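Colleague: Prediction below, plus the sequence it came from.
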Amino acid sequence: MAIKILGNGVEVRKPGFTPNGAIIAGKAVTLDGSDISGKTIKLAGASDIVLGLALETTVAPLTNWMNYDDYDRGGLVTAVSGSGFEVEVSDDGRGPVFDTAQSYAINDKIYVTADGVLTNQDGGGQEIGFVTKAPATAVDSMKIQINL
């Protein structure tokens, strides 16, 4: 599982949306502006307003041993947003959720790259939270307090 909700705060789970493109749980998502009904989401870009973090993935599990709970078997992807709750994100083998080329420290502000990946590099976009546990290596997990 690429995302785990650790602590509560003002956590809001959004209803299921139709995904536009491949989405990995834990990446930032936004409403797709091409769907005026507001029922489609896509990966958030650096300048997008972030709706939340995806709770399911559209990328199929790689092995029989992978956790199937976060796979969008019904075809919809939900998102979580809010303020003051903590999540743990990691790469479960389907792709990185945070920018593994960066070094992180406690209290680093978290932003989003052009492809929905979480990063501490400010690209002029929305700040979505801060680091509460920095990853020791690229394969380690990172904890973030979300403020959306």
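Modeller: The structure has been received and is ready for your questions.
Colleague: got a list of what the residue lying closest to Val131 once chain neighbours are set aside touches?
Modeller: In space, and not counting its chain neighbours, Val131 is closest to Asp108: 4.4 Å by Cβ to Cβ, 6 or more residues apart in numbering. Using the backbone N, CA and C atoms, a C-beta is placed for each residue, glycine as well. Contacts of Asp108 were listed using Cβ atoms under 8 Å, 6 or more residues apart in numbering, and they are Asn120, Phe130, Val131, Ala134.
Colleague: Would you enumerate the residues in contact with the residue nearest to Pro15 when sequence neighbours are not counted?
Modeller: If the residues on either side of it in the chain are set aside, Pro15 comes closest to Thr78, at 6.6 Å by Cβ to Cβ, 6+ apart. Thr78 is in contact with Arg13, Lys14, Pro15, Gly16, Phe17, Ala54, Leu55, Glu56, counting by Cβ under 8 Å, 6+ apart.
Colleague: ok, now which ones touch the residue nearest to the fifth one when sequence neighbours are not counted?
Modeller: Which is Phe17. Leaving aside its sequence neighbours, Phe17 sits nearest to Ile41 (Cβ to Cβ, 6+ apart; 4.1 Å). Counting by Cβ under 8 Å, 6+ apart, Ile41 makes contact with 17-20, 23, 29-32, 51, 54, 77, 79.
Colleague: tell me which element Ile41 is part of?
Modeller: strand 40-43 (DSSP states H and E).
Colleague: Can you give me the neighbour number for Ala28?
Modeller: 30 (other Cβ atoms under 10 Å).
Colleague: Oh, that last question was meant for Gly33, not what I typed.
Modeller: With other Cβ under 10 Å as criterion, Gly33 counts 10.
Colleague: Ile49 now?
Modeller: 10.
Colleague: ok, Gly74 to Thr18 distance?
Modeller: Relative to Thr18, Gly74 is positioned 11 Å away (Cβ to Cβ, to the nearest Å).
Colleague: what do you get for Ala46?
Modeller: Per Cβ to Cβ, Ala46 is found 23 Å from Thr18.
Colleague: Looking at these two, which is more packed in?
Modeller: Of the pair Ala46 and Thr18, Ala46 is the one with more neighbours under other Cβ under 10 Å, namely 19 against 15.
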